[in-house]
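Chemist: I'll drop the sequence and a predicted model, then ask my questions.
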Number of protein chains: 2
Amino acid sequence: MTEKGGGAPVARTVLQQCLQARLQVKPADELSEAEFVQIDRGMVIYICFFKGATDDILPKMVSTLLNLRLCETDSGKLASVLELPGSVLIVPQATLGGKAKGRGMQYHNNINKEDGLRLYDAFVSLCEKELMAASGGNKAEVTVKHGTYGNRQVLKIDTNGPYTHLMEF
Amino acid sequence: MTEKGGGAPVARTVLQQCLQARLQVKPADELSEAEFVQIDRGMVIYICFFKGATDDILPKMVSTLLNLRLCETDSGKLASVLELPGSVLIVPQATLGGKAKGRGMQYHNNINKEDGLRLYDAFVSLCEKELMAASGGNKAEVTVKHGTYGNRQVLKIDTNGPYTHLMEF
């Protein structure tokens, strides 16, 4: 894990393998129904950037998360999401940066919204690029989907064991 | 957060609020179908104990997790799971203790199975006690359900935004 000087992480991710996951990307309004994205077999990445995070951590982050053996094949062997091959659902999750203070949570260490959005978009693009390269351009089989930054992440996840992991960078 | 001397945590939890969550507690076999437990509105607690964890951290852990305002009421206000009032689903999750080594994960810091099971059982009991006390003994309204330690945690979760939090002790 890459760590910033002083040992404080600049990004926190929680990973769960899934059989299917569905995320709202646009809430319903008077004119239209809610919109969702969905993946089948693969991995959900919940992500939060902290103050001090910069673009140069992204390639290492993406490479690590997509290549670490955090999922399980049908035969019970551990495999990376690229090896499965599986899809990826990226969920911005600012709450991951919370620290307890009394009975409430504080988010003072979270990155500002503007930089967070930029890093998030770049992270998603890099994941798409790496997944596409690994799948040999076979778009039908695997895909990267993602939530909209700064919005409520209405999420439904179905797992055969989430194998929840924490990775900080 | 309670921290052990040297700053290393002895327990790691990931929290998600849910509208409904269902967990397998016994896989199907030739004689019977799989068995599940289920909660409606409330909080999922994924939990992993590390080496050095002892029973005396449990009261503080349970009190913190059940009283921290990690959930959202219908009116959009933050509330603890006790305040909602909501149910609790506890999921043993040894993978949370993983550290990346090359492309694999290592779990050298996880507690041994015997002590882990004992702490897990005690943690579940304390949660049940505290939830029951807070709900005034109204068993119908809220409940504590939990997975079986050491087994695959086949989990399905439906959220209105998981609000994923990390808490270490």
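Modeler: Everything's here; your move.
Chemist: how about A:Ser32, phi and psi?
Modeler: phi -150, psi 160 (degrees, to the nearest 10).
Chemist: Name the nearest residue to the most centrally placed residue in chain A, sequence neighbours excluded.
Modeler: Centroid-nearest residue in chain A, with CA atoms, centre = their mean: A:Ile45, separated by 2.4 Å. Setting aside the residues directly before and after it, A:Ile45 is nearest to A:Ile90 in space (CB to CB, 6 or more residues apart in numbering or on different chains), at 4.9 Å. Just so you know, the C-beta spots here come from the backbone N, C-alpha and C atoms, and that holds for glycine as well.
Chemist: I'd like to know the average pLDDT value across the helix or strand hosting that neighbour.
Modeler: According to DSSP states H and E, A:Ile90 maps onto strand A:87-92. Throughout strand A:87-92, pLDDT has a mean value of 98.
Chemist: Could you list the paired strands of whichever helix or strand comes after that strand along with their orientation?
Modeler: In the C-terminal direction, the helix or strand that comes right after strand A:87-92 (DSSP H and E) is strand A:99-101. Strand A:99-101 pairs in its sheet with strand A:104-106 (antiparallel), by DSSP bridges.
Chemist: neighbouring contacts of the helix or strand that comes right after the strand it pairs with?
Modeler: Scanning forward in sequence from strand A:104-106 by DSSP H and E, the next helix or strand is helix A:113-134. By CB atoms under 8 Å, 6 or more residues apart in numbering or on different chains, the residues outside helix A:113-134 that reach it are A:45, A:47, A:49, A:53, A:55, A:58-59, A:61-63, A:65-66, A:81-82, A:85, A:87-88, A:90, A:92, A:94, A:110-111, A:139, A:142-144, A:146, A:149-150.
Chemist: Make a ChimeraX selection of whichever of those turn out to be buried.
Modeler: Filtering the contacts of helix A:113-134 down to the buried ones (16 or more other CB atoms under 10 Å in any protein chain shown) takes a single ChimeraX command:
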select /A:45,47,49,53,58,61,62,65,66,81,82,85,87,88,90,92,94,110,111,142,143,144,146,149
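Chemist: what does chain A put close to chain B?
Modeler: Counting by CB under 8 Å from any CB of the partner chain, chain A comes close to chain B at A:1, A:12, A:14, A:46, A:64, A:67-70, A:78, A:80, A:91, A:93, A:95-96, A:98, A:100, A:103-105, A:152-167.
Chemist: List only buried entries from those residues.
Modeler: A:12, A:14, A:46, A:64, A:67-70, A:80, A:91, A:93, A:95-96, A:98, A:100, A:105, A:153-167.
Chemist: just checking, which of the residues you listed belong to strands?
Modeler: With strands taken from DSSP state E, the overlap with those comprises A:12, A:14, A:46, A:91, A:100, A:105, A:155-158, A:165-167.
Chemist: Now for these: which two are most distant?
Modeler: A:Ala100 and A:Asp158 (30.2 Å; CB to CB).
Chemist: Count the residues that sit near A:Leu89.
Modeler: 25 (other CB atoms under 10 Å in any protein chain shown).
Chemist: wait, doesn't it sit right on A:Gly42?
Modeler: Yes - counting by CB atoms under 8 Å, A:Leu89 touches A:Gly42, with 6.9 Å between them.
Chemist: Could you list the low-pLDDT ranges of chain A?
Modeler: A:1-6, A:137-140 (pLDDT under 70).
Chemist: picking that back up, help me confirm that the residue nearest to A:Ile45 comes into contact with A:Thr148.
Modeler: No - assessed by CB under 8 Å, A:Ile90 is found out of contact with A:Thr148, at 10.7 Å.
Chemist: May I have stretch A:27-42 exported as PDB, CA atoms only?
Modeler: Taking C-alpha atoms only, stretch A:27-42 is exported to PDB below (Å, rounded to 0.1, in the frame of the first residue of the first chain):
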ATOM      1  CA  PRO A  27     -33.500   9.600  -8.500                       C
ATOM      2  CA  ALA A  28     -37.100   9.600  -9.700                       C
ATOM      3  CA  ASP A  29     -38.700  13.000 -10.300                       C
ATOM      4  CA  GLU A  30     -42.100  14.200 -11.500                       C
ATOM      5  CA  LEU A  31     -41.100  13.600 -15.100                       C
ATOM      6  CA  SER A  32     -39.100  10.400 -15.100                       C
ATOM      7  CA  GLU A  33     -38.500   7.200 -13.200                       C
ATOM      8  CA  ALA A  34     -35.300   6.600 -11.300                       C
ATOM      9  CA  GLU A  35     -32.300   5.400 -13.300                       C
ATOM     10  CA  PHE A  36     -30.000   2.600 -12.300                       C
ATOM     11  CA  VAL A  37     -26.800   0.900 -13.400                       C
ATOM     12  CA  GLN A  38     -26.200  -2.800 -12.700                       C
ATOM     13  CA  ILE A  39     -23.400  -5.300 -12.800                       C
ATOM     14  CA  ASP A  40     -23.500  -9.000 -12.500                       C
ATOM     15  CA  ARG A  41     -20.600 -11.100 -11.100                       C
ATOM     16  CA  GLY A  42     -17.700  -8.900 -10.000                       C
END
